[in-house]
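Participant: Show me the folded form of this:
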Amino acid sequence: MTKNLLITGAGVDRTAGIEFPLATTLLPEIAAFIDGDGKEVDATLRSLIPNLRFTFASMVARAVDTISTRGADSQREMVQRVKEVIDNLPSDREHIRRHGELIIRLFDKLVVIAQAGELDEETRNLIKEVFPADADDLMDSDSILDIHKLSLSDTFKAVLKRTLKMGLHSDRHEVAAALGADMLNIENLLVEKFLGFYNEDLQSIKNYLYIAWVLWAFLVAKQKAVIAAHADGNLPFYGAIPKNCHAITLNYTSFLEQQLGRDRVIYFHGGLAEYVSMATRELVPIENIESLNPTEFLKEQAGNIHFEDEKAHCRHVIPALVPPLRLKPILSHRYIESWHNASEWVKRAERIVVVGYSFNNADEHFNDILRQQMHGKTVTIVGPNVLDASFLHRMEKVFHVPPSNWVDQKQQDRPGKVANHIHLIKAYADEVDLGRLFPSTT
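Facilitator: Now for the predicted structure:
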């Protein structure tokens with residue numbers, strides 16, 4: 001087992017020359033894909049999945065309908081994202097700034113309504129005075145208004161729907177992207193629809209199959225284009241990975257195994273080169289994924305995707321893509337083995353380099369492996385935002401390093417910090433020399 005371990009996250013596949021979208025920006029590109037080069041993918045899936053009603057436009061309408069049911073914290077986070085975006089817009093984006101101000105104003109009014117309905121201390125004291133014997137029973141809620149049961153006006157809905165639909169276009173609209181960062185996150189959507197397999201909701205299962213296979217087809221097509229653009233095999237970032245390491249990736253792409261070989265890579269969230277038979281929960285390999293035609297592959301699945309009136313007679317196959325969740329859905333027993341192996345690799349490694357991984361709460365399962373297994377190891381973390389206060393706060397949660405413990409220290413002429421055995425380097429994935437971060441011995 002190698003003593004050198006590389007861990008890669010989504011930031012790696014954002015490298016210039018690869019430029020895969022992040023999860024929060026995937027939907028616009030997928031929507032453009034099924035309207036363009038992916039039209040046949042869309043048509044094939046709709047022929048395989050009878051009575052499929054899902055569209056990305058209808059998803060926007062449902063997302064807007066649920067806004068009033070979101071908690072105050074969630075609504076505040078949405079507003080904060082919009083505020084941060086418009087505060088950093090250049091002067092030539094004034095129309096986008098005004099759009100953001102409109103969204104903030106609408107949400108502020110919703111917050112005012114929610115706050116006005118809260119039981120203040122004076123009202124609570126009056127209830128206790130008037131009903132001293134059973135005041136606690138009477139105050140079983142913190143509000144006199146159930147905000148979750150309110151209906152948004154047509155004006156509010158129309159503005160939000162129009163804004164979110166702008167986020168489905170490939171043209172960059174900063175406010176739409178900020179508003180839809182979680183509402184239009186395709187991984188969140190997959191999580192929601194995956195529940196259909198547990199409660200035998202056929203419509204949710206159909207939606208999951210469509211969304212998951214469209215995502216898979218888009219990523220396969222995107223990967224194929226990247227490989228074709230680098231026919232010499234010298235992919236940005238990946239081509240510079242030393243051969244004397246193993247790697248765990250949180251990405252779905254196959255670039256790592258092309259450089260290191262399949263036995264030196266663990267795909268923690270699954271990969272493009274396998275699918276799952278939901279009848280047996282077995283992983284099935286997909287051959288020649290780097291040159292595969294997604295439409296032709298999906299047409300070959302006609303015998304594997306079948307819906308009957310009786311649920312027991314239905315057959316489903318889904319891509320082996322596991323959305324990053326604190327609680328992982330078990331698509332196959334093989335994932336349990338992979339996650340155990342990932343933990344063992346982290347445990348045995350002496351030097352670990354983490355590139356393009358943000359340590360978000362959604363990946364708490366993986367964060368917990370790192371938290372438990374990385375004590376005393378030399379860990380280098382590379383990313384453009386690693387010196388931000390929000391990132392240092394995540395470092396405290398994962399590695400128990402208080403922000404005051406960090407000391408400024410440059411590495412490879414890049415700004416950085418160090419605390420204990422943990423080194424932070426502020427850089428994009430292709431701006432560091434990985435060979436200098438790993439020892440030369442295996």
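Participant: which stretches of the stretch 201-350 of the chain have low pLDDT?
Facilitator: With pLDDT under 70 as the threshold, the stretch 201-350 of the chain has low-confidence stretches at 309-313, 323-330.
Participant: Which residue ranges of it form helices?
Facilitator: If you assign secondary structure with DSSP state H, counting those that start in this stretch, the helices in the stretch 201-350 of the chain sit at 202-229, 255-260, 294-299, 333-348.
Participant: in the third one, what's buried?
Facilitator: If you call a residue buried by 16 or more other C-beta atoms under 10 Å, then helix 294-299 has these buried ones: P294, T295, F297, L298. (Glycine included, C-beta is placed from N, CA and C.)
Participant: For P294, see how far away the closest residue to the second one other than its chain neighbours is.
Facilitator: In space, not counting the residues next to it along the chain, T295 is nearest to E40; the distance is 4.3 Å by C-beta to C-beta, 6 or more residues apart in numbering. To P294, E40 is 9 Å away according to C-beta to C-beta, to the nearest Å.
Participant: Scan this protein for its longest strand.
Facilitator: Longest among the strand segments of the chain by residue count, using DSSP state E, is strand 270-277.
Participant: Can you give me the buried ones in that strand?
Facilitator: Within strand 270-277, the residues that qualify as buried by neighbour count (16+ other C-beta under 10 Å) are G270, G271, L272, A273, E274, Y275, V276.
Participant: So what touches that strand?
Facilitator: Outside of strand 270-277, the residues that reach it under the criterion C-beta atoms under 8 Å, 6 or more residues apart in numbering are 216, 219-220, 223, 252-254, 282-286, 289, 304, 316-322, 331-332, 335.
Participant: Break the protein into its domains for me.
Facilitator: Domain assignment for the chain by automatic domain parsing gives 4-23+201-437, 55-117+146-184.
Participant: most tightly surrounded among these?
Facilitator: Of the domains of the chain, the one with the most neighbours on average (mean count of other C-beta atoms under 10 Å) is domain 4-23+201-437, at a mean of 18.
Participant: Just tell me which of the helices of the stretch 201-350 of the chain ends up closest to T123.
Facilitator: For the helices of the stretch 201-350 of the chain, distance to T123 was read as C-beta to C-beta. The smallest value, 42.0 Å, belongs to helix 202-229.
Participant: Just the angle for the strand or helix carrying K193 relative to helix 202-229, thanks.
Facilitator: Using DSSP states H and E, K193 sits within helix 186-194. Put simply, helix 186-194 runs at 150 degrees to helix 202-229, going by axes from the mean of the first three to the mean of the last three C-alpha atoms, to 10 degrees.
Participant: how distant is helix 186-194 from the center of its chain?
Facilitator: Relative to the chain's own centre, helix 186-194 is displaced by 10 Å; criterion: C-alpha atoms, centre = their mean, to the nearest Å.
Participant: likewise stretch 102-114?
Facilitator: When distances are taken as C-alpha atoms, centre = their mean, stretch 102-114 is centred 27 Å away from the chain's centroid.
Participant: Tell me which stretches of the stretch 101-250 of the chain form strands.
Facilitator: When secondary structure is read from DSSP state E, counting those that start in this stretch, the stretch 101-250 of the chain shows strands at 246-249.
Participant: Tell me what the spatially closest residue to L331 that is not a sequence neighbour is bridged to.
Facilitator: Of all residues beyond its chain neighbours, the one nearest L331 is V276 (4.9 Å), with distances taken as C-beta to C-beta, 6+ apart. Beta-bridge pairing of V276, defined through DSSP bridges, involves L283, I318.
Participant: List the residues that contact A302.
Facilitator: Contact partners of A302, counting by C-beta under 8 Å, 6+ apart, are L48.
Participant: From C314, how far off is it?
Facilitator: Distance check for A302 against C314: by C-beta to C-beta, it reads 14 Å.
Participant: got it, and D87?
Facilitator: Spatial separation of D87 from C314 under the definition C-beta to C-beta is 50 Å.
Participant: got it, and N405?
Facilitator: Taken as C-beta to C-beta, the spacing of N405 relative to C314 amounts to 55 Å.
Participant: Kindly report the same for P90.
Facilitator: Here P90 is placed at a distance of 52 Å from C314 (C-beta to C-beta).
Participant: and what of R162?
Facilitator: Looking at R162 against C314, where the rule is C-beta to C-beta, the gap reads 38 Å.
Participant: Count the neighbours of P132 for me.
Facilitator: 8 (other C-beta atoms under 10 Å).
Participant: no, scratch that, I was asking about D120
Facilitator: D120 sits with 10 neighbouring residues when counted by other C-beta under 10 Å.
Participant: show me what contacts it?
Facilitator: Taking C-beta under 8 Å, 6+ apart as the test, D120 contacts no residue whatsoever.
Participant: For it, grab phi and psi.
Facilitator: phi -80, psi 170 (degrees, to the nearest 10).
Participant: Then D433?
Facilitator: Here D433 shows phi and psi, under degrees, to the nearest 10, equal to phi -100, psi 100.
Participant: ok, it - contacts?
Facilitator: Applying C-beta under 8 Å, 6+ apart, we find D433 in contact with A240, Q412.
Participant: what about it, distance to P242?
Facilitator: For D433, the distance to P242 - C-beta to C-beta - is 10 Å.
Participant: do the same with N385
Facilitator: Going from N385 to P242 by C-beta to C-beta gives 25 Å.
Participant: in the stretch 301-442 of the chain, which spans are strands?
Facilitator: Taking DSSP E, counting those that start in this stretch as the criterion, the stretch 301-442 of the chain contains strands spanning 317-321, 351-355, 378-383, 407-408, 416-419, 422-426.
Participant: chain center to the fourth one: distance?
Facilitator: What separates the centre of strand 407-408 from the centre of its chain is 31 Å, taken as C-alpha atoms, centre = their mean.
Participant: Then the first one?
Facilitator: Taking C-alpha atoms, centre = their mean, one finds the center of strand 317-321 at 16 Å from the center of the full chain.
Participant: can you give me the angle it makes with strand 270-277?
Facilitator: Between the direction of strand 317-321 and that of strand 270-277, the angle (the same axes, to 10 degrees) works out to 160 degrees.
Participant: which helices and strands sit right next to strand 317-321?
Facilitator: Packing contacts for strand 317-321, counted by 3 or more C-beta pairs under 8 Å, 6 or more residues apart in numbering; DSSP states H and E, involve helix 202-229, strand 270-277.
Participant: a markdown table for the ones you listed, including distance to L235?
Facilitator: Written out in a markdown table, the entries for these read as follows (distance: least, C-beta to C-beta, whole Å):
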| stretch | distance to L235 |
| --- | --- |
| helix 202-229 | 7 |
| strand 270-277 | 15 |
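Participant: V398 is in contact with R371, correct?
Facilitator: Yes - using C-beta atoms under 8 Å, R371 makes contact with V398 at a distance of 5.4 Å.
Participant: that older thread, out of the helices and strands packed on strand 317-321, which is closest to E308?
Facilitator: Across the helices and strands packed on strand 317-321 (criterion: C-beta to C-beta), the nearest stretch is helix 202-229, sitting at 9.8 Å.
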